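Trainee: Below is the sequence, then the predicted model.
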Amino acid sequence: MTFRYTTLYVTDVKKTLAFYEKAFGLATHFLHESGGYGELESGQTKLGFAAHETAAQLLGVPYNRTTPGAPPPGFEIGLGVDDARAAFDRAVAAGAAAVRPPAPMPWGQTIAYVRDPDGALIVLVQGD
């Protein structure tokens, strides 16, 4: 078994792809002609985004998205970075909401947290 992808349900797939490109330097791998689904290059595992309408079609029920001010969903996206401060500043400049600025952790990493425009929690991890 292999882990192939993670899909987040978002308000606007094209805008979300553009945000992740600008904020984190991840390139778009695929955008469906409908605009309802897209993927980013993120190593061996793809990070995908689908429109809320697509989720409703796939699940057969309306999908309730997370509002930006609400607690995060039961997951976070972890991105490895060379410089947590630079990555944090770049993400915030691109429109991410600052959650926690970079700070060294007792286990040796430096981490920072931001939220994307749809409220997904993203941790920026510097170090092994």
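Mentor: Arrived safely. Residues are numbered from 1 along each chain as shown.
Trainee: Can you name the residues bridging to the closest residue to V99 other than its chain neighbours?
Mentor: Leaving aside its sequence neighbours, V99 sits nearest to Y113 (CB to CB, 6 or more residues apart in numbering; 3.9 Å). Yep, even glycine has a C-beta here, placed from its N, CA and C like the rest. Counting by DSSP bridges, Y113 is bridged to R100, V123.
Trainee: Test my guess that Y113 contacts A103.
Mentor: No - counting by CB atoms under 8 Å, Y113 does not reach A103; the two are 9.7 Å apart.
Trainee: ok, K14 - contacts?
Mentor: 31, 35, 38 (CB atoms under 8 Å, 6 or more residues apart in numbering).
Trainee: top of those residues by neighbour count?
Mentor: Highest neighbour count within the contacts of K14, by other CB atoms under 10 Å: G38, with 24 neighbours.
Trainee: how much space between it and R100?
Mentor: 28 Å (CB to CB, to the nearest Å).
Trainee: Equivalent analysis for G25, please.
Mentor: In terms of CB to CB, G25 sits 21 Å off from R100.
Trainee: Fine, thanks again, bye for now.
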